[in-house]
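J.: sequence? don't have it. structure:
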């Protein structure tokens with residue numbers, strides 16, 4: 001059932017610091033809600049001595065934040081006025097731009113709260129933008145994705161979603177399914193009358209078109225999720241094959257301790273890099289081998305846990321020492337993951353042969369020298385190909401990057417398939433209509449047209465206060 005998510009009549013004024021915590025050149029205290037301009041007028045004295053209440057929308061006024069009756073100046077400020085409905089929340093909005101020190105921001109916020117505002121909840125400004133119809137739920141979630149983007153590509157996907165590309169595709173699906181439901185219900189309503197209504201072929205054609213659209217969206221969902229969250233790459237291998245050196249080479253800086261002694265790495269180390277606009281979470285693990293050392297055993301156990309939780313595996317072998325039973329055992333252990341074999345220390349070989357005997361039991365490898373940087377560029381290209389299988393993902397089009405959206409689309413596809421089966425098997429249109437209603441409910445969870453308050457709470461609680 002669709003929940004009533006409309007704004008309540010007693011919509012109050014919310015306030016929060018909208019910029020990052022810590023010292024900065026400029027900090028913003030944001031207010032939204034009916035009466036927020038009058039409230040801001042109580043704590044802001046314009047340089048031109050005019051009230052903010054009379055200022056037009058999209059105006060900027062220089063003045064000071066003051067304590068009101070005592071007229072104690074807190075900071076110089078600029079007051080930005082945005083009047084409903086042309087604002088982020090579609091409500092009246094005021095942003096007080098003060099110096100970015102935590103003291104000025106905190107005191108300005110405290111004045112706003114003392115004047116009658118309430119501290120905003122996490123994501124409440126964006127939630128109001130959604131509830132007031134300025135954006136749909138996919139666009140609201142894109143705001144958080146943009147804030148949390150770990151790479152250029154992740155930011156690009158978030159921007160495309162924020163500008164409504166996915167929203168428009170979902171709307172097209174909803175429109176087609178709604179029309180199909182109307183056709184089916186008409187056939188049921190007039191089944192006892194002498195009116196010829198035969199929607200089956202029309203509806204089956206429509207749902208086939210929707211199914212194709214959903215398949216296209218889901219085809220890139222795995223890649224989209226990787227781009228949004230970053231691919232977790234476990235770097236595994238025997239002790240002293242150069243895993244930590246490889247991490248440093250990919251990072252282009254010394255992050256992990258490297259020594260000639262086996263077993264130097266005792267814990268898991270994570271660092272994030274961007275390759276061709278895609279984030280990779282590099283996981284440097286302890287060398288996996290049998291050991292009686294209590295501390296090293298814990299490191300090996302953590303390495304295996306990291307491998308189990310990874311998206312990809314980089315199995316590092318020693319190009320000089322060759323592939324031994326322990327290497328083959330690690331390759332077998334990582335068999336469930338997309339993986340790449342890396343032959344490190346090729347700078348110590350007389351030359352890099354086309355098919356060295358060290359890997360004659362493997363189908364492919366990347367030869368590198370973590371010490372000199374030889375082969376690192378080629379390794380990076382191979383990692384991108386490993387993530388996207390058929391090469392680098394196109395930068396245009398609609399890409400589903402949110403696991404919640406993908407799951408709802410899968411349920412939509414199942415309901416559509418069942419509706420088509422009911423029609424093709426000659427069952428009553430009522431059966432198909434019920435499945436189409438289910439499909440509409442599933443896709444409505446994506447747009448926010450049919451979403452429970454609990455889901456909204458889970459989405460917006462991930463936001464920071466002030467956004």
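T.: Sure, I can see it. Note that the structure is predicted; figures quoted are calculated from it, not measured. Numbers count the residues shown, from 1 in each chain.
J.: C-alpha from now on. contacts and neighbour counts both.
T.: Fine.
J.: domain assignment for the chain?
T.: Following automatic domain parsing, one gets these domains for the chain: 14-136, 142-220+400-447, 229-388.
J.: dump those domains into TSV; add mean neighbour count as well.
T.: As requested, the domains of the chain are exported to TSV (neighbours: other Cα atoms under 10 Å):
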stretch	mean neighbour count
domain 14-136	20
domain 142-220+400-447	18
domain 229-388	18
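J.: which one of these has the poorest average confidence?
T.: With a mean of 75, domain 229-388 has the lowest mean pLDDT of the domains of the chain.
J.: please enumerate the helices of the stretch 251-400 of the chain.
T.: 294-309, 325-333, 376-388 (DSSP state H, counting those that start in this stretch).
J.: so which of these comes closest to residue 369?
T.: Nearest to residue 369 among the helices of the stretch 251-400 of the chain is helix 376-388 (7.6 Å), distances taken as Cα to Cα.
J.: residue 178 and residue 439, how far apart?
T.: 10 Å (Cα to Cα, to the nearest Å).
J.: looking at the helices of the stretch 251-400 of the chain, which is nearest to residue 205?
T.: That would be helix 376-388 among the helices of the stretch 251-400 of the chain, by Cα to Cα, at 32.1 Å.
J.: by contact count, what packs against that closest one?
T.: strand 339-344 (3 or more Cα pairs under 8 Å, 6 or more residues apart in numbering; DSSP states H and E).
J.: repeat that with 10 Å
T.: With contacts taken as 3 or more Cα pairs under 10 Å, 6 or more residues apart in numbering; DSSP states H and E, helix 376-388 sits against helix 221-229, strand 231-237, helix 243-251, strand 269-275, strand 278-284, strand 312-318, strand 339-344, strand 366-367.
J.: which outside residues touch it?
T.: Helix 376-388 is contacted by residues 220, 222-224, 226-227, 231, 233, 246, 249-250, 274-278, 280, 311-314, 338-342, 365-370, 389-393 when judged by Cα atoms under 10 Å, 6 or more residues apart in numbering.
J.: residue 466: which of the domains of the chain is closest?
T.: So among those, domain 14-136 is nearest, using Cα to Cα, at 4.3 Å.
J.: just the terminal-to-terminal distance for that closest one.
T.: 21 Å.
J.: once you drop chain neighbours, what's closest to residue 152?
T.: Once flanking residues are discounted, residue 152 sits nearest to residue 277: 4.7 Å by Cα to Cα, 6 or more residues apart in numbering.
J.: swap in residue 310?
T.: residue 232 (5.0 Å).
J.: hmm, residue 313 and the one you found touching each other?
T.: Yes. The pair residue 232 / residue 313 is scored as a contact, 8.4 Å apart, by Cα atoms under 10 Å.
J.: now list whatever residues contact both of those two.
T.: With Cα under 10 Å, 6+ apart, residue 232 and residue 313 have common neighbours 282, 283, 306, 307.
J.: identify the residues contacting the third one.
T.: So that's residue 306. Residue 306 touches 232, 233, 234, 235, 236, 268, 283, 284, 285, 300, 313, counting by Cα under 10 Å, 6+ apart.
J.: relative to residue 136, how far out is residue 436?
T.: Residue 436 is 22 Å from residue 136, by Cα to Cα.
J.: what does residue 222 give?
T.: 23 Å.
J.: got it, and residue 342?
T.: Counting by Cα to Cα, the gap from residue 342 to residue 136 is 45 Å.
J.: could you find the closest non-adjacent residue to residue 107?
T.: residue 74 (7.3 Å).
J.: sorry, that was for residue 27
T.: Nearest residue to residue 27, sequence neighbours excluded (Cα to Cα, 6+ apart): residue 100, at 4.0 Å.
J.: mind listing what that neighbour touches?
T.: Residue 100 touches 19, 20, 21, 22, 23, 24, 25, 26, 27, 28, counting by Cα under 10 Å, 6+ apart.
J.: doesn't the second one belong to a strand?
T.: Right, the one you point to is residue 20. No. According to DSSP: H, G, I helix; E, B strand; the rest coil, residue 20 belongs to no strand; its state is coil.
J.: my guess is it contacts residue 464. True?
T.: Yes. When contacts are counted by Cα under 10 Å, residue 20 is listed as touching residue 464 (9.5 Å).
J.: show me where the stretch 51-200 of the chain has its strands.
T.: Secondary structure of the stretch 51-200 of the chain, counting by DSSP state E, counting those that start in this stretch: strands at 59-66, 73-82, 93-99, 118-119.
J.: make a markdown table from those strands and add distance to residue 172 to it.
T.: Formatted as a markdown table, the strands of the stretch 51-200 of the chain follow (distance: least, Cα to Cα, whole Å):
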| stretch | distance to residue 172 |
| --- | --- |
| strand 59-66 | 38 |
| strand 73-82 | 32 |
| strand 93-99 | 32 |
| strand 118-119 | 38 |
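J.: what's the biggest helix in the protein, counting residues?
T.: Ranked by residue count and defined by DSSP state H, the top helix of the chain is helix 165-189.
J.: packing partners of it?
T.: Helix 165-189 packs on helix 137-148, helix 152-162, helix 200-219, helix 429-447, going by 3+ Cα pairs under 10 Å, 6+ apart.
J.: figure out which of those helices is closest to residue 82.
T.: Here helix 137-148 is closest among the helices and strands packed on helix 165-189 (Cα to Cα), at 19.7 Å.
J.: okay, angle between the closest one and helix 165-189 too, please.
T.: Between helix 137-148 and helix 165-189, the angle formed by their directions is 160 degrees, by axes from the mean of the first three to the mean of the last three Cα atoms, to 10 degrees.
J.: just the element for residue 404, please.
T.: For residue 404, the host element (DSSP states H and E) is helix 403-424.
J.: separation between residue 33 and residue 71?
T.: From residue 33 to residue 71 the distance is 25 Å (Cα to Cα).
J.: ok, residue 214 next?
T.: 60 Å.
J.: then residue 37?
T.: Residue 37 is 19 Å from residue 71, by Cα to Cα.
J.: what of residue 46?
T.: Distance of residue 46 to residue 71, computed by Cα to Cα: 12 Å.
J.: looking at the contacts of residue 306, spot the one nearest residue 54.
T.: Distances from residue 54 to those, taken by Cα to Cα, are shortest for residue 232, at 54.0 Å.
J.: return the set of residues that bridge with that closest one.
T.: residue 281 (DSSP bridges).
J.: ok, it - contacts?
T.: 226, 270-272, 279-283, 306-307, 309-313.
J.: again, but for residue 35
T.: 12, 13, 53, 91, 92, 93, 116, 117.
J.: wait, which of those is closest to residue 405?
T.: Of the contacts of residue 35, the one sitting nearest to residue 405 (Cα to Cα) turns out to be residue 91, at 28.3 Å.
J.: ramachandran angles for that closest one?
T.: Note on residue 91: backbone dihedrals following degrees, to the nearest 10 are phi -110, psi 170.
J.: that one and residue 33 touch, don't they?
T.: Yes. Here residue 91 reaches residue 33: they are 5.5 Å apart, a contact under Cα under 10 Å.
J.: any common contacting residues for those two?
T.: 11, 13, 83, 84, 125, 128.
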